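In: I would like the atomic coordinates for the input below:
(2 chains)
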Amino acid sequence: MLHIQEMVSETRALLYKEVNHSFLNANIDEVEIDDIELAIVQTVLQQMTIPQEKVHHYAVTLMLIQVALDTHEKVVDKSDEARLNRQLTVLAGDYYSGLYYYLLAKEKDISLIRSLAEGISEINEHKIRVHTNHELTYDEWLSSIELIESMLLQKLCIHFDFVTNGTEISKLFLLNRLQKEYVHMKENGTSSLHGQLSELVEASSIIHMLSETIQRERELVEKSLQDEDYMPILAAIFPAK
Amino acid sequence: MSKDIDRIEKELERVVFSKEEILSHASLQLLQSGGKRIRPVFVLLGGKFGNYNIDQIKNVAVALELIHMASLVHDDVIDDANMRRGKPTINAKWGNRFAMYTGDYLFAQALQSITNIENPKAHQVLAQTILEVCKGEIEQIRDKYDFEQNLRCYLRRIKRKTALLIAVSCELGAIAAGAKEEVQRSLYWYGYYVGMSFQIIDDILDFVATEEQLGKPAGGDLLQGNVTLPVLFAMQEATLRDKITKVTEQTSTEEMSELIEGIKMSGAIEEAFEVSERYLQKALHSIKPLPRGQAKLALRSVAKYIGKRKF
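Out: Just a heads-up that it's a prediction; the model follows:
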């Protein structure tokens, strides 16, 4: 894990350099990078037969897209939010999207631009699905969340014909997201997925449902995960109390 | 040409189709609300100076129109706009979050379309332009109600806001058609100058067009703190400058009407028209080296139309 941690730190530094913009820095929240997501990406990239210098390039690109999409998640419907913050959050997300296209175009990675753009389209279709479809079942909702979280890396693997434990890796992304939501919900009584969940499950059962799902998915991953490289990631998602 | 525009229209409808019905519905509503399609027109005209193949060039035209559409959807969130071209905006109908997803979806669809062009230069040019456009939009917000800004600042902003995307529309059409490098450059500069002129006219119309023509009250740009060319010229007069620098979002309709009249009477509109006209002359000059033919005539007509448009 130490090697991966070093890679994570280096990619993180490169990523911050890319997104650096004085006016945005001064007026909106700092870009949030999920170290666990980055560690999953780095671990998979390390297993691919691509040159070391390209590993950072692809990790930065993938995380830039994630940052762009996550930035737009911060644009909410509430009208009492600060206007300048909302305006700049929209533009920052667009700017980061432009950056990932720029990085890939510079490297002439045209077919990868296509693969990742397909992934982004699918992610947004699923986001709209969970955002607007009030007739989804809990399992359909869960499957969409898993796709939203793992789609970009899946597209990268397909692009490089890299055969991996796709299901387990997708589940790691899902577990990471659900656990974050669960902790946030326990601490604050709500979370970004709370609204969607309350459409599917009785409000009083949300925490319980989430906890059960995490438990179930965790057991499945622990049973099937053969590759030891991913064990430290699983441990990072569920740190010892 | 109109046959090819129809093909692009159909391609746009195909590309925005999604298995999520509500997303298709929102995108189609935007598509069918009657945009001018100026970027696709410039792409097609640019393509006429190389080996024109509509099956290739349509990918560029579609991508540029989708990027424009995506930016409109996000702009409406930025401006809290409720209406666009007489219809409720996506954010007004489905909320900000939905609008963000739709814009991101359209942008991703645009990239898929343009990746049918394998020439790396096309992507490098477009990616660089997208970044510049984003920087321009961020600057526009930074510069709101900054009445100390100068002409250079304004010109740089409209370059990024409008002119660059029109310039690359022309250039990318030529690149996709494999036109010569010097032809690509001439077309870029033509699009750049036309774009500058187009935006200046847009900024003038904000003062001289009717509310019905604009679809919003006149003087809206100034009320939102956007310092445009007529405003910069009007501020050369001390009394007007004094009034203009006091404008805020809270300025009343009556005060704004009085101010708009003052700006119209000051000669600022005519001065702004002159600048726009100079850009149009430069646009016409930059296509002089291009080979004669229908496409060149069309570029001339477009430039002249832009100079005369009323809304």
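In: In chain A, where is pLDDT below threshold?
Out: A:1-2, A:78-81, A:165-166, A:241 (pLDDT under 70).
In: Excluding sequence neighbours, find me the nearest residue to the residue nearest the centre of chain A.
Out: In chain A, the centroid-proximal residue (Cα atoms, centre = their mean) is A:E149; its distance is 4.7 Å. The shortest distance from A:E149 to any non-neighbouring residue, by Cβ to Cβ, 6 or more residues apart in numbering or on different chains, is to A:F173 (3.8 Å). No exception for glycine: its C-beta is placed from N, CA and C like everyone else's.
In: give the contact list for that neighbour.
Out: A:E37, A:I40, A:E146, A:E149, A:S150, A:L153 (Cβ atoms under 8 Å, 6 or more residues apart in numbering or on different chains).
In: With A:G98 instead?
Out: So A:G98 contacts B:A127, B:I130, B:L131, B:V133, B:C134 (Cβ under 8 Å, 6+ apart).
In: returning to what we had before: secondary structure class of the residue nearest to A:E149, three-state.
Out: The three-state assignment at A:F173 reads helix, by DSSP: H, G, I helix; E, B strand; the rest coil.
In: Which residue ranges of chain A form helices?
Out: For chain A, helices defined by DSSP state H occupy the ranges A:2-19, A:22-27, A:35-47, A:52-73, A:83-106, A:110-132, A:138-159, A:166-188, A:194-200, A:206-224, A:231-237.
In: Compare the ones you listed and give me the one nearest B:K36.
Out: helix A:83-106 (21.9 Å; Cβ to Cβ).
In: any residues touching stretch A:64-74, and which ones?
Out: By Cβ under 8 Å, 6+ apart, the surrounding residues in contact with stretch A:64-74 are A:15, A:18-19, A:29, A:31-34, A:37, A:89-90, A:92-94, A:96-97, A:99-100, A:103, A:116, A:120, A:123, A:152, A:192, B:97, B:100-101, B:104.
In: So which bits of the stretch 51-200 of chain B are right by chain A?
Out: Within the stretch 51-200 of chain B, the residues that sit near chain A (Cβ under 8 Å from any Cβ of the partner chain) are B:71, B:74, B:77-78, B:80, B:94-98, B:100-105, B:107-109, B:111-112, B:115, B:118, B:120, B:123-124, B:126-128, B:130-131, B:133-135, B:137-139, B:141-142.
In: Buried ones among the residues you listed?
Out: Neighbour counting with 16 or more other Cβ atoms under 10 Å in any protein chain shown marks B:71, B:74, B:77-78, B:94-98, B:100-105, B:107-109, B:111-112, B:115, B:123, B:126-128, B:130-131, B:133-135, B:137-139, B:141-142 as buried within those.
In: Which residue ranges of the stretch 151-300 of chain B form helices?
Out: Applying DSSP state H, counting those that start in this stretch to the stretch 151-300 of chain B gives helices spanning B:151-158, B:164-176, B:181-208, B:211-214, B:220-223, B:229-234, B:238-244, B:253-265, B:268-286, B:294-308.
In: Remind me what the fourth one packs against, helices and strands.
Out: Secondary structure elements in contact with helix B:211-214, counted by 3 or more Cβ pairs under 8 Å, 6 or more residues apart in numbering or on different chains; DSSP states H and E, are helix B:181-208.
In: let's go with 6 Å and repeat that
Out: If contacts are counted by 3 or more Cβ pairs under 6 Å, 6 or more residues apart in numbering or on different chains; DSSP states H and E, helix B:211-214 sits against no helix or strand.
In: How far off centre is that helix?
Out: 18 Å (Cα atoms, centre = their mean, to the nearest Å).
In: In the stretch 101-250 of chain B, where is pLDDT below threshold?
Out: For the stretch 101-250 of chain B (pLDDT under 70), the answer is B:215.
In: Which among the helices of chain A is found nearest to B:Q184?
Out: Nearest of the helices of chain A to B:Q184, taken as Cβ to Cβ: helix A:83-106 at 16.8 Å.
In: Alpha carbons of the closest one, as CSV, please.
Out: Extracted in CSV, the C-alpha atoms of helix A:83-106 (Å, rounded to 0.1, in the frame of the first residue of the first chain):
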residue,chain,number,x,y,z
ARG,A,83,-25.1,33.2,-6.1
LEU,A,84,-21.5,33.8,-6.9
ASN,A,85,-20.6,30.4,-5.5
ARG,A,86,-23.2,28.7,-7.6
GLN,A,87,-22.1,30.5,-10.8
LEU,A,88,-18.5,29.7,-10.3
THR,A,89,-19.2,26.1,-9.3
VAL,A,90,-21.0,25.6,-12.7
LEU,A,91,-18.1,27.2,-14.5
ALA,A,92,-15.4,25.3,-12.6
GLY,A,93,-16.9,22.0,-13.5
ASP,A,94,-17.0,23.0,-17.1
TYR,A,95,-13.4,24.2,-16.9
TYR,A,96,-12.3,20.8,-15.5
SER,A,97,-14.1,19.0,-18.2
GLY,A,98,-12.3,21.1,-20.8
LEU,A,99,-9.0,20.3,-19.1
TYR,A,100,-9.4,16.5,-19.3
TYR,A,101,-10.3,16.9,-23.0
TYR,A,102,-7.2,19.1,-23.5
LEU,A,103,-4.9,16.6,-21.8
LEU,A,104,-6.1,13.7,-23.9
ALA,A,105,-6.0,15.8,-27.1
LYS,A,106,-2.5,16.9,-26.4
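In: quick check: angle from it to helix A:110-132?
Out: Relative orientation of helix A:83-106 versus helix A:110-132 (axes from the mean of the first three to the mean of the last three Cα atoms, to 10 degrees): 150 degrees.
In: Now do the buried residues in helix A:83-106.
Out: Under 16+ other Cβ under 10 Å, the buried positions of helix A:83-106 are A:86-105.
In: now that helix, how far from the centre of its chain.
Out: 17 Å.
In: and if you look at stretch B:22-41?
Out: Relative to the chain's own centre, stretch B:22-41 is displaced by 15 Å; criterion: Cα atoms, centre = their mean.
In: What of stretch B:144-163?
Out: That offset, for stretch B:144-163, works out to 15 Å (Cα atoms, centre = their mean).
In: I'd like the C-alpha coordinates of that stretch written as PDB, please.
Out: Provided in PDB are the C-alpha atoms of stretch B:144-163 (Å, rounded to 0.1, in the frame of the first residue of the first chain):
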ATOM      1  CA  LYS B 144     -19.200  42.200 -13.300                       C
ATOM      2  CA  TYR B 145     -20.000  45.800 -12.100                       C
ATOM      3  CA  ASP B 146     -16.300  46.600 -12.600                       C
ATOM      4  CA  PHE B 147     -16.700  50.000 -14.300                       C
ATOM      5  CA  GLU B 148     -13.000  50.700 -14.200                       C
ATOM      6  CA  GLN B 149     -12.300  48.000 -16.900                       C
ATOM      7  CA  ASN B 150     -11.000  49.200 -20.300                       C
ATOM      8  CA  LEU B 151     -11.700  48.500 -23.900                       C
ATOM      9  CA  ARG B 152      -8.900  45.900 -24.100                       C
ATOM     10  CA  CYS B 153     -10.500  44.000 -21.200                       C
ATOM     11  CA  TYR B 154     -13.900  44.000 -23.000                       C
ATOM     12  CA  LEU B 155     -12.400  42.900 -26.300                       C
ATOM     13  CA  ARG B 156     -10.600  40.000 -24.700                       C
ATOM     14  CA  ARG B 157     -13.800  38.900 -23.000                       C
ATOM     15  CA  ILE B 158     -15.900  38.900 -26.100                       C
ATOM     16  CA  LYS B 159     -13.100  37.100 -28.000                       C
ATOM     17  CA  ARG B 160     -13.300  34.300 -25.500                       C
ATOM     18  CA  LYS B 161     -17.100  34.400 -25.100                       C
ATOM     19  CA  THR B 162     -18.100  34.400 -28.700                       C
ATOM     20  CA  ALA B 163     -15.400  35.000 -31.400                       C
END
